[in-house]
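Q: predicted model follows, preceded by the sequence.
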Amino acid sequence: RKEVEQDPGPFNVPEGATVAFNCTYSNSASQSFFWYRQDCRKEPKLLMSVYSSGNEDGRFTAQLNRASQYISLLIRDSKLSDSATYLCVVNKAGMEYGNKLVFGAGTILRVKS
Amino acid sequence: DAGVTQSPTHLIKTRGQQVTLRCSPKSGHDTVSWYQQALGQGPQFIFQYYEEEERQRGNFPDRFSGHQFPNYSSELNVNALLLGDSALYLCASLPSGAGVVAPLHFGNGTRLTVT
């Protein structure tokens, strides 16, 4: 089983739609969680951290369910510029120096006019 | 204030050759991590350097080696290149003591093509 699993998509949605991505992780001791966004042939960029209580940043809402070991990302009112690959990221627990992140393979989102 | 910078941007090598990629961390950062991202995959952790020593290593063969210099910049070396080494190589830096909860911010990456 992969450490971080995501539906690869692609998710094809019209502008203005609401879309949700889920991600599952296998290490119950993982401590930090993130969503990254990656545009074609560019480096991944941090979209948002994911906190236990859930957090929102504008049109983006992230949720963490530790019991079920999954993370979600909800995008409301999709824009054309949201088209990208969304990477679910989990830290590798127990690392002395931290920040050994494990990435999912990504979910492709295509927003169409 | 420049972020993480990597060079070169693109590189084409032949199987069996050796390659060196370079990374300059963000000002004030002393820890450098390297990741490999093959096409259609998420980045995979290669190793992390702190105080000029390799501190953590992912599941990569010994052909992948690195170095960190006193100014905190880092190099990634790959020997005996294989076609499967073709990927985007990403570098990220952190300040010491960032801890497990800090996210990573990557440089623009080096795209390596092995023919």
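A: Happy to help now that I have it. Numbers count the residues shown, from 1 in each chain, chains lettered A, B, ... in the order given.

Q: pretty sure A:Q63 is touching A:S53, no?
A: No. Using CB atoms under 8 Å, A:Q63 is not in contact with A:S53, being 9.2 Å away. No exception for glycine: its C-beta is placed from N, CA and C like everyone else's.

Q: who's more crowded, these two?
A: Shown here are A:Q63 and A:S53; by other CB atoms under 10 Å in any protein chain shown, A:Q63 has more neighbours (18 against 7).

Q: helix, strand or coil: sort out that one for me.
A: Here A:Q63 is recorded as strand under DSSP: H, G, I helix; E, B strand; the rest coil.

Q: who does it bridge with?
A: The bridge-partner assignment for A:Q63, based on DSSP bridges, gives A:S72.

Q: swap in A:A84?
A: A:L109.

Q: equivalent analysis for the one 4 residues further on, please.
A: For A:C88, the beta-bridge partners are A:W35 (DSSP bridges).

Q: any idea how far it is from B:N71?
A: According to CB to CB, to the nearest Å, A:C88 and B:N71 sit 34 Å apart.

Q: show me which of the two is the more surrounded one.
A: Remark: of A:C88 and B:N71, A:C88 carries more neighbours, 29 against 9, as counted by other CB under 10 Å.

Q: got a list of what the more buried one touches?
A: When contacts are counted by CB atoms under 8 Å, 6 or more residues apart in numbering or on different chains, A:C88 touches A:4, A:6, A:21, A:23, A:25, A:33-35, A:71, A:73, A:103-104, A:106-107.

Q: in ChimeraX, select just the buried ones from those.
A: With 16 or more other CB atoms under 10 Å in any protein chain shown as the burial test, the buried ones among those are selected in ChimeraX as follows:
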select /A:4,6,21,23,25,33,34,35,71,73,103,104,106,107
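
Q: quick check, nearest of the contacts of A:C88 to B:P8?
A: A:F103 (23.7 Å; CB to CB).

Q: stretch A:1-16 vs chain B: in contact?
A: Yes. Shown here: stretch A:1-16 in contact with chain B (CB under 8 Å from any CB of the partner chain) through A:V4.
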